[in-house]
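A.B. asks: Sequence first, predicted model second:
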Amino acid sequence: MVDLFVSEGGSRYLLKGSFDLQADAEAEAFALVFKLERTKCLVINHNTQRHKYIFER
C-alpha cells in the first residue's frame with residue numbers, strides 16, 4: 001500500500017491512500033506540485049517502508 005500526503009506549513013495531510021503502485025502515487029504527486037506553487041508531497045510505501053518527498057525545484 002502506498003499513500004500520498006501533501007505537506008504545507010509544517011503539517012501533513014493525507015491526499016489519497018491505498019495506491020497499488022508507488023509509480024502511480026509519484027505521478028500524481030509530480031502533477032500536483034507542477035500545478036501548485038510551494039507544495040511538497042510525500043509518498044510513503046508501507047510495503048518497503050520507503051519515504052520520498054517530491055517538490056518543485
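C.D. replies: Right, received. Where do you want to start?
A.B. asks: rest of the way, CA atoms for contacts and neighbours
C.D. replies: OK.
A.B. asks: Surely L42 is within a strand?
C.D. replies: Yes: under DSSP: H, G, I helix; E, B strand; the rest coil, L42 falls within a strand.
A.B. asks: Wait, it touches Y53, no?
C.D. replies: Yes: between L42 and Y53 there is a contact under Cα atoms under 8 Å: 4.5 Å.
A.B. asks: Tell me which of those two has more neighbours.
C.D. replies: L42 (22 against 15; other Cα atoms under 10 Å).
A.B. asks: how close does that one get to T48?
C.D. replies: From L42 across to T48, the span is 15 Å (Cα to Cα, to the nearest Å).
A.B. asks: Report the spatially closest residue to F55, excluding sequence-adjacent ones.
C.D. replies: Nearest residue to F55 in three dimensions, chain neighbours excluded: K40, at 4.7 Å (Cα to Cα, 6 or more residues apart in numbering).
A.B. asks: quick one: that neighbour from N47, how far?
C.D. replies: Taken as Cα to Cα, the span from K40 to N47 is 22 Å.
A.B. asks: Just the pLDDT at D24, thanks.
C.D. replies: According to the prediction, D24 has pLDDT 94.
A.B. asks: Tell me if it really is in a helix.
C.D. replies: Yes: when three-state DSSP is applied, D24 is found to be in a helix.
A.B. asks: tally of neighbours for it?
C.D. replies: 12.
A.B. asks: One more: S7?
C.D. replies: Neighbours of S7 using other Cα under 10 Å come to 18.
A.B. asks: In space, what's closest to it - neighbours in sequence excluded?
C.D. replies: K40 (5.2 Å).
A.B. asks: so D20 sits right up against D3, yeah?
C.D. replies: No: using Cα under 8 Å, D20 is not in contact with D3; the gap is 9.2 Å.
A.B. asks: Of these two, which one has the most company?
C.D. replies: D3 (21 against 12).
A.B. asks: Same question for that one, what's its three-state structure.
C.D. replies: Strictly by three-state DSSP, D3 counts as strand.
A.B. asks: Surely it is in contact with F19?
C.D. replies: Yes: with contact defined as Cα under 8 Å, D3 counts as touching F19 (6.3 Å).
A.B. asks: what sits in contact with each of the two?
C.D. replies: A25 (Cα atoms under 8 Å, 6 or more residues apart in numbering).
A.B. asks: I appreciate the help and will end here.
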